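# Need a 3D model of the sequence below.
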Amino acid sequence: MADGVVRSKKTQNKTVARPRTALLTPFLSSNPCPDLDLCPRFSLSESRRSSSSRVAGVEDEGRTLEDFSAALAMNPFSSGTRLRDMIKAIRACKTAAEERAVVRKECAAIRSSISENDQDYSHRNIAKLMFIHMLGYPTHFGQMECLKLIASAGFPEKRIGYLGLMLLLDERQEVLMLVTNSLKQDLGHTNQYIVGLALCALGNICSAEMARDLAPEVERLLLTRDPNIKKKAALCSIRIIRKVPDLAENFSSPATSLLKEKHHGVLIAGVQLCTDLCKVSEDASNHLRKNCTEGLVRILKDICNSPYAPEYDIAGITDPFLHIRVLRLLRMLGHGDADTSEYINDILAQVASKTESNKNAGNAILYECVETIMGIEATSGLRVLAINILGRFLSNRDNNIRYVALNMLMKAISVDSQAVQRHRTTILECVKDSDASIRKRALELVFLLVNDTNAKPLTKELIDYLEVSDQDFKGDLTSKICSIIEKFSQEKKWYIDQMVKVLSLAGNYVKDNVWHALIVAISNAPDLQGYSVRSLYKAFQLSSEQVSLVQVTIWCIGEYGEMLVNNVGVLQVEEPMTVTESDAVDVLESCLTHHSTDITTQSMCLIALLKLSSRFPPSSGRVKEIITTHIGSVVLELQQRAIEFNSIIQRHQNIKSSLVERMPVLDESTFISKRAGSSQANISTEKSNQQLPSGASLKLSNGVAKPAASPLVDLLDLSLDDTPVPTSTSNDFLHDLLDVGLTNSSSSGVASASGTDILMDLLSIGTPVQSNTTPENGSSIKGFNDILPIAKPNTATVQVVDLLDGLASNGSHPGAQSPVHPSITAYQSSTLKITFSFTKQPDKPQVTQIHATFMNLSSEAYTDFIFQAAVPKFIQLHLDPANSNHLPASGNGRITQTFTITNTQHGQKPLAMRIRIAYKVSNQERLEQGQINNFPPGL
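The predicted model follows:
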């Protein structure tokens, strides 16, 4: 029957005309009622309102739609508000309060109509409620009315009822269970349009319970002859298996039969159903792999070789939607299956070579084809073909195509990195793209492409672009460049050169741990220290605004200033240069007085100046003047440093050279492990415990013993997250130049009565004045540590100045030494007791051998027992292995451990020690720590 022909339906012995198009598309219009002026036909309720307004049956098949619009002029609904009028009233509201008033009025009228059981206006009420629901107002009181319309016999009522059901309800509503019986009846209805309504509703709001109840009905409809019903049943089946994956096996056979259909809608719905079956069920995937692979390949061949078909053509590409869905299904079937992958290799190569890439639809097919090739067990030649397609995508003008190509290349690099490497130049160009998202994605891909062979050229390209890159992109670019340099540097000189370039171009974007690592590398390369300080000096002259560059330069001038002035360790590649002592001091002074210099950098400058005062005696007077100018600084940190350093220069020349001697070599391996494990300290601790047996010792590069199982967390509460853990030795890092800051921590150990913390004063010169005031400035200084301790602020500045006076006030006189030293209880808590006994040799009074005894006071045994200790810098410590790492419960056993300490300032400074004990109780880690200040005098 032609589209213009109308279908008739008898109602109360009268025939109402209906256009066939309205029945074929039941959900194209949101309201089927004539009084809503949304479609040109009459409802059943209208035919019952007045016999004078009824329209006789149409006998002439050529009657046009204009005849219906003329009949609408005789609309009988003169009472009540029509949907069109309500929408106009709502849109005319100027305030939200007016809108709420209109909605309340309409809702009240709808409630009244529902309570009166007015069947004539039920469809109009549901239409109004749907519009009100879209505005965000509650419409729960109309849910039962939807169910009543669904249960009615007429198609128009069912249509508006199902539409309201899908909009006003969802699968979480309990009332939805009441519609299951109506759905089951409509799924078996003789009218195909009513069956279509039920399938559409079930596919949108189906719950798990409804899926189990109605799955047999949907499965039956998959085998009907009507293609429209079969298509909707397939889409409904997708919803069912997503809700109840256990039902997937029931739909495997019907889904296989759908792939043989000629109807385009049924075929594409069947492909999608098979794809979802593969996702939810391995058995269904195996069944489809066995029975559908050949049919899918045939479908692809037909599409590729078919002539122009205008019905499914998009920009000259035949049926791209079916094309893409079939490729996606083939990818799922070929994943992990070599036989299936081999079978579909030829058709994939045909699709990849025949599809046009100059149109967006063709690019979509090619992208899906590439993803399929990468997702199956494809041959190497086919993968190279796929990666070459992605390379062509990178040259496309469309940013979206380039972005998806970069994403796919990041996945492909793990499959065939060599093929991706061929497009490295194009990828590097994408790093310089104007689109921020493409730049970032290309940079991540370049980082994955770097290896030992191409690290240097890629780094050079990225550094060259760093100079002209946007400010917003410098942070990400700098981070990736630094990671590449650290990861792939095989020569220390190349590493230092590249890092100096990065610091010169983007030092403000470099993180602290990066330039900390550079300082560690320089300290571990004695042959390159002179070259490094000269390179930094040159870079500083050109880029003095880069904070990280300034800080590294200050540190190197303070440590290796004499190498800069005397041209020590000049390499053949270096250009000759002359730097005087005054020039070196000028650099520090300019940094100290620059308006943009932060407190951290200024503190580093003061320390470097103190060191230069010893290395450059002729410039000592000028250094003293520069330091003196900051004695009255309003910044407490700078004021305190200036006062203490000035006191050293004026009154303590005899100890200044030892105070400012060159820093010991920083343990590079310790720093790297600390940096790598800073975010996962517990995991790193477990790994370090497994590397060596309990109690074993590890030799550092400076020849000092360190407990093997020492975790990355610092014994002395060292605060910096990105620096190596210090080891308590004569050359330890308790106060290195990377600001491993010593802080006070609560301790359950024995403390002295006066509260003096000798470890807070590495020189043990004087007793720091105690105060409860916490410095606001400088308390969080990172990146550089002072040689002297930072005493807590006090209102009496004179006491701070006198901190370095009275060197002998704290000393222990040799005459007071007792020939026999009694044992002490070094530490005791509710669970553990530690006792120290002492042995000394008469010819070596500065050396003391301590025998530590550990006793378990709890009722549970301790395993993986580890004892660690830290001492001030003037004390050397050597720990011997313990006799066991298992400590029995309730004092039934002991662990003993011997260690030797050498007090290099015996008779002047007493011993002090901070300890930490780690062990496990019932496989749970425990930690105790404390400070020991009650050593017998004379040690």
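
# lowest-confidence helix or strand of the protein?
helix 20-24 (a mean of 33; mean pLDDT, DSSP states H and E).

# low pLDDT regions in this protein?
1-81, 308, 677-819 (pLDDT under 70).

# show me where the stretch 351-500 of the chain has helices.
For the stretch 351-500 of the chain, the helices defined by DSSP state H, counting those that start in this stretch cover 360-375, 380-394, 399-412, 417-421, 424-431, 436-449, 455-466, 471-488, 492-506.

# For the closest residue to Ser619 other than its chain neighbours, give me its contacts.
Spatially, and ignoring its direct neighbours in sequence, Ser619 is nearest to Glu581 (4.9 Å; C-beta to C-beta, 6 or more residues apart in numbering). (C-beta placed from N, C-alpha, C; glycine too.) Glu581 makes contacts with Gly561, Val565, Leu612, Phe616, Pro618, Ser619, as judged by C-beta atoms under 8 Å, 6 or more residues apart in numbering.

# Quick check: closest non-adjacent residue to Ser437.
Tyr403 (6.1 Å).

# quick one, what contacts that neighbour?
Contacts of Tyr403 by C-beta under 8 Å, 6+ apart are Asp435, Ser437, Ile438, Arg441.

# how many neighbours does the third one have?
Neighbour count of Ile438, defined by other C-beta atoms under 10 Å: 20.

# what's the answer for the last one, then?
Other residues within reach of Arg441 by the criterion other C-beta under 10 Å amount to 23.

# can you give me the strands in this protein?
Counting by DSSP state E, one finds strands in the chain at the ranges 6-11, 14-19, 313-314, 317-318, 697-699, 705-707, 824-828, 832-841, 844-856, 863-870, 875-879, 894-903, 913-921, 924-932.

# so which of these comes closest to Phe645?
Shortest distance between Phe645 and the strands of the chain, using C-beta to C-beta, is found for strand 875-879: 24.3 Å.

# Listing partners with orientation, what would you give for the closest one?
Its sheet considered, strand 875-879 pairs with strand 894-903 (antiparallel) by DSSP bridges.

# any idea how far Ile205 is from Gly188?
Relative to Ile205, Gly188 is positioned 19 Å away (C-beta to C-beta, to the nearest Å).

# between the two, who's got more neighbours?
Set side by side, Gly188 and Ile205 show more neighbours around Ile205, with 21 against 13, by other C-beta under 10 Å.

# ok, that one touching Leu168?
No. Shown here, Ile205 and Leu168 do not form a contact pair, counting by C-beta atoms under 8 Å, at 10.0 Å.

# these two touch, right, Gln849 and Ser837?
No. The criterion here is C-beta under 8 Å, and Gln849 misses it with Ser837 at 9.3 Å.

# Check the burial of Ser112 by counting its neighbours.
Applying other C-beta under 10 Å, I find that Ser112 has 10 neighbouring residues.

# Could you shift the numbering so residue one becomes 49, and keep it that way?
From this message on, residue numbering opens at 49, which makes the last subject Ser160.

# any idea how far it is from Gly190?
13 Å.

# Going by neighbour count, which residues of stretch 681-701 are buried?
Under the neighbour-count criterion of 16 or more other C-beta atoms under 10 Å, stretch 681-701 has 681, 683-697 buried.

# number of nearby residues for Lys722?
Lys722, neighbours per other C-beta under 10 Å, totals 25.

# and the gap between it and Gly209?
The value you get for Lys722 to Gly209, if C-beta to C-beta is used, is 69 Å.

# Equivalent analysis for Asp518, please.
With C-beta to C-beta as the criterion, Asp518 and Gly209 are 58 Å apart.

# Please say which of those two ends up with more neighbours.
Counting neighbours by other C-beta under 10 Å for Asp518 and for Gly209 shows that Gly209 has the greater number, 26 against 10.

# Once you drop chain neighbours, what's closest to the more buried one?
Nearest-residue entry for Gly209: Leu197, 2.9 Å, with adjacent residues in sequence omitted and distances by C-beta to C-beta, 6+ apart.

# residues contacting Leu247?
Leu247 sits next to Leu235, Val266, Leu269, Ile277, Lys280, Ala281, Leu283, Cys284 when contact means C-beta under 8 Å, 6+ apart.

# Tell me which two in those residues are the farthest apart.
Leu235 and Leu283 (14.0 Å).

# The two: which is more packed in?
When neighbours are counted by other C-beta under 10 Å, Leu235 comes out ahead of the other of Leu235 and Leu283, with 22 against 18.

# Apart from its neighbours in sequence, what residue is nearest that one?
Leu235's closest residue in space is Glu265 (C-beta to C-beta, 6+ apart), at 4.3 Å.

# ditto for Pro302
Leu270 (4.1 Å).

# ok, now how distant is the one you found from Leu283?
11 Å.

# swap in Val548?
64 Å.

# and if you look at Gly439?
38 Å.

# And for Ile242?
Ile242 is 17 Å from Leu283, by C-beta to C-beta.

# what's the answer for Cys417, then?
26 Å.

# And for His181?
Applying C-beta to C-beta, the value for His181 to Leu283 is 24 Å.

# got it, and Lys704?
For Lys704 relative to Leu283 (C-beta to C-beta), the value is 86 Å.

# Over to Val682?
75 Å.

# Would you map the helices across the stretch 549-698 of the chain?
Under DSSP H, counting those that start in this stretch, the stretch 549-698 of the chain gives helices at 560-571, 577-590, 595-614, 629-641, 647-663, 668-676, 684-699.

# now these as TSV including distance to Ile135?
Formatted as TSV, the helices of the stretch 549-698 of the chain follow (distance: least, C-beta to C-beta, whole Å):
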stretch	distance to Ile135
helix 560-571	62
helix 577-590	70
helix 595-614	62
helix 629-641	71
helix 647-663	65
helix 668-676	80
helix 684-699	69
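
# right, and those - which one's nearest His934?
Closest approach to His934 among the helices of the stretch 549-698 of the chain is made by helix 560-571 (37.1 Å; C-beta to C-beta).

# how far off helix 577-590 does the closest one point, in degrees?
Counting by axes from the mean of the first three to the mean of the last three C-alpha atoms, to 10 degrees, helix 560-571 lies at 140 degrees to helix 577-590.

# Give me the helices and strands touching helix 560-571, please.
helix 519-536, helix 540-554, helix 577-590, helix 595-614, helix 716-724 (3 or more C-beta pairs under 8 Å, 6 or more residues apart in numbering; DSSP states H and E).

# Could you identify which of these is most buried?
Of all the helices and strands packed on helix 560-571, helix 595-614 has the most neighbours on average by mean count of other C-beta atoms under 10 Å, namely a mean of 24.

# Can you give the distance from it to the centre of its chain?
When C-alpha coordinates are averaged (C-alpha atoms, centre = their mean, to the nearest Å), helix 595-614 and its chain have centres 37 Å apart.

# May I have it as PDB, with CA atoms only?
Extracted in PDB, the C-alpha atoms of helix 595-614 (Å, rounded to 0.1, in the frame of the first residue of the first chain):
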ATOM      1  CA  VAL A 595      65.800  29.500  39.700                       C
ATOM      2  CA  SER A 596      67.100  25.900  39.500                       C
ATOM      3  CA  LEU A 597      70.100  26.900  37.500                       C
ATOM      4  CA  VAL A 598      70.900  29.600  40.100                       C
ATOM      5  CA  GLN A 599      70.700  27.100  43.000                       C
ATOM      6  CA  VAL A 600      72.900  24.500  41.300                       C
ATOM      7  CA  THR A 601      75.400  27.200  40.400                       C
ATOM      8  CA  ILE A 602      75.600  28.500  43.900                       C
ATOM      9  CA  TRP A 603      76.100  25.100  45.300                       C
ATOM     10  CA  CYS A 604      78.900  24.300  42.900                       C
ATOM     11  CA  ILE A 605      80.700  27.600  43.400                       C
ATOM     12  CA  GLY A 606      80.500  27.100  47.200                       C
ATOM     13  CA  GLU A 607      82.000  23.600  46.800                       C
ATOM     14  CA  TYR A 608      84.300  23.900  43.900                       C
ATOM     15  CA  GLY A 609      85.000  27.700  43.700                       C
ATOM     16  CA  GLU A 610      88.800  27.200  43.700                       C
ATOM     17  CA  MET A 611      88.400  24.900  40.700                       C
ATOM     18  CA  LEU A 612      86.500  27.700  38.900                       C
ATOM     19  CA  VAL A 613      89.200  30.300  39.700                       C
ATOM     20  CA  ASN A 614      92.300  28.100  39.200                       C
END
